[in-house]
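> no sequence on hand, only this structure:
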């Protein structure tokens, strides 16, 4: 048996290193997959649907790892004729793919709040003799849609909804800027960067910037799945639209009582534990967004919450909802269900447009004081109660608003994907341009995924949405035979 040539040894050594690199990348992505799975389970979603495109990105990396391992086995077997040339060729092909994914992943790990991987965007263009279409490939959509890491870009950003102003990052890890002998490269880079404008900001990263190491894997994963930065970046309009999930969060005993203050239904212990570990959620996360701003909701959002509360809520939860919606005399469930709903939803005694009236302000302060009596956490003095029921906006109104020009045509594609209550809240916020606050991350992501599949003009952008990374249910009265339990931090 002949001795292996130096080329054989080099290819074997390089391929072993390549297998190690590909396997290491797969292990990191598997760690992200596990973290995504935990997040998606909180909202009863499937991990592969939680962040569009991640499953494909993961599988492509696994495929390259399998190819590298297969090549290593072929080299070790050494049975292929003309093996050196074939092995060297196959190594270069696989190494180029692995290196590309490594660059993508290294860049992504430096980002926050990822909402999509590997997104292909169809861009129509005119060809001789008719219309044509090509695609722009976006490596990652991060910062909750505010920033794209992409390989081919600019036309897509002007056509596709991205939340608000787009920020595009072009990464060129093999190009060094600022070299005296390569001034043509700098002129080219300046020309590309000049394509940005007031609507589209364009950031170029060459070798100097892209070689900055990403953070540790656990930190990178936390940043990628954290919506906090995205929430902070979302503009808060003077009028905030709240959906049913926010009404419930403002009502539930879980947010207003300490975990050790009472016994709980077993089904809510996860929320109680989260509140004890990360809370108080209202004080830390929600009320800072609401303070000082006019709060509105649709009639359908309020009606859904009122019905939920009447059917199963505790007395304290009923009282809180009465206060939130402006009832100054608390009557609880003295009335039958339909009378209760009609009474709590009635805001005729709160005329619109007189918030600055001294008498109205005095009434608002009394509502805040009453709410404070029902909470162990401080209620902001500037909380603008009552939450105003703005109008009865429903699914059947969407088409008419599109015809009037108050909603873009793409709203007709979004509407069928939402249930009646979510359609009312989210599309009402879209129509008015007011920021919508929600705890319903599943709907937020589903809408974002759908929007990313559609071609949108820039004048069809959706209203800003802040999706909190937690949600709450009502504490509720126990069912017959249900045993309440004490919370422990064991």
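Nice, thanks for sending it over. As the structure is a prediction and not an experimental result, all values here were calculated from the model.
> where in the stretch 301-450 of the chain is pLDDT low?
Applying pLDDT under 70 to the stretch 301-450 of the chain flags the ranges 353-356, 449-450.
> quick one: the helices in it, in order.
For the stretch 301-450 of the chain, the helices defined by DSSP state H, counting those that start in this stretch occupy 315-324, 337-345, 358-373, 398-404, 411-414, 420-432, 441-453.
> report the distance from stretch 285-305 to the chain centre.
Centroid separation for stretch 285-305 versus its chain: 20 Å, with CA atoms, centre = their mean, to the nearest Å.
> correction: the previous question concerned stretch 247-257.
Centroid separation between stretch 247-257 and its chain, computed with CA atoms, centre = their mean, is 23 Å.
> can you give me the first-to-last residue distance of it?
Length of stretch 247-257, first residue to last, CA to CA, to the nearest Å: 16 Å.
> average pLDDT for that stretch, rounded please.
In this model, stretch 247-257 carries a mean pLDDT of 92.
> got it, and stretch 114-121?
In this model, stretch 114-121 carries a mean pLDDT of 75.
> can you check stretch 21-39 too?
For stretch 21-39, mean pLDDT rounds to 93.
> stretch 142-154 now?
What stretch 142-154 shows for mean pLDDT is 56.
> let the chain start at 22 from now.
Yep, numbering from 22; the last one is stretch 163-175 now.
> hang on, the earlier thing: so which of the helices of the stretch 322-471 of the chain is the most surrounded?
Looking across the helices of the stretch 322-471 of the chain with neighbours counted as mean count of other CB atoms under 10 Å, the highest average goes to helix 441-453: a mean of 24. Where C-beta positions appear, they are placed from N, C-alpha and C, glycine not excepted.
> and that helix, what does it pack onto?
In this structure, helix 441-453 packs against strand 260-263, helix 320-333, helix 419-425, helix 432-435, strand 456-459, helix 462-474, with contacts taken as 3 or more CB pairs under 8 Å, 6 or more residues apart in numbering; DSSP states H and E.
> what angle sits between that helix and helix 320-333?
Angle, helix 441-453 to helix 320-333, by axes from the mean of the first three to the mean of the last three CA atoms, to 10 degrees: 150 degrees.
> tell me the first helix or strand C-terminal of the lengthiest helix in the chain.
Taking DSSP state H as the criterion, the chain has its longest helix at helix 27-63. Per DSSP states H and E, the first helix or strand lying C-terminal to helix 27-63 is helix 68-71.
> and that following helix, how far out from the chain's middle?
Chain-centre distance of helix 68-71: 12 Å, with CA atoms, centre = their mean.
> what's the answer for stretch 280-299, then?
25 Å.
> now do stretch 419-434
Centroid separation for stretch 419-434 versus its chain: 24 Å, with CA atoms, centre = their mean.
> now the longest helix of the chain: buried residues?
29, 32-33, 35-36, 39-40, 42-43, 46-47, 49-50, 53-54, 56-57, 60-61 (16 or more other CB atoms under 10 Å).
> what packs against that helix?
When contacts are defined as 3+ CB pairs under 8 Å, 6+ apart, helix 27-63 packs onto helix 68-71, helix 75-98, helix 104-129, helix 238-246.
> next, the angle from that helix to helix 104-129.
Angle, helix 27-63 to helix 104-129, by the same axes, to 10 degrees: 30 degrees.
> now helix 27-63 against helix 238-246, angle please.
On the basis of the same axes, to 10 degrees, helix 27-63 is oriented at 50 degrees to helix 238-246.
> can you give me the strands for the stretch 172-321 of the chain?
187-192, 221-226, 260-263, 315-318 (DSSP state E, counting those that start in this stretch).
> give me the contacts around the third one.
Pointing back at strand 260-263 there. 310-311, 314-319, 322, 408, 411, 446, 449-450, 453, 455-459, 484 (CB atoms under 8 Å, 6 or more residues apart in numbering).
> what about residue 335, how many neighbours?
19 (other CB atoms under 10 Å).
> which residues touch residue 45?
So residue 45 contacts nothing (CB under 8 Å, 6+ apart).
> what distance do you get for it to residue 86?
The spacing between residue 45 and residue 86, counted by CB to CB, to the nearest Å, is 9 Å.
> residue 503 - nearest residue in space that isn't next to it in sequence?
Spatial nearest neighbour of residue 503, excluding adjacent residues (CB to CB, 6 or more residues apart in numbering): residue 286 at 6.3 Å.
> do residue 459 as well
Nearest to residue 459 is residue 264, by CB to CB, 6+ apart, at 4.7 Å.
> got any ranges where the stretch 72-221 of the chain has weak pLDDT?
Residue ranges of the stretch 72-221 of the chain with pLDDT under 70: 100-105, 140-158, 164-207, 209-221.
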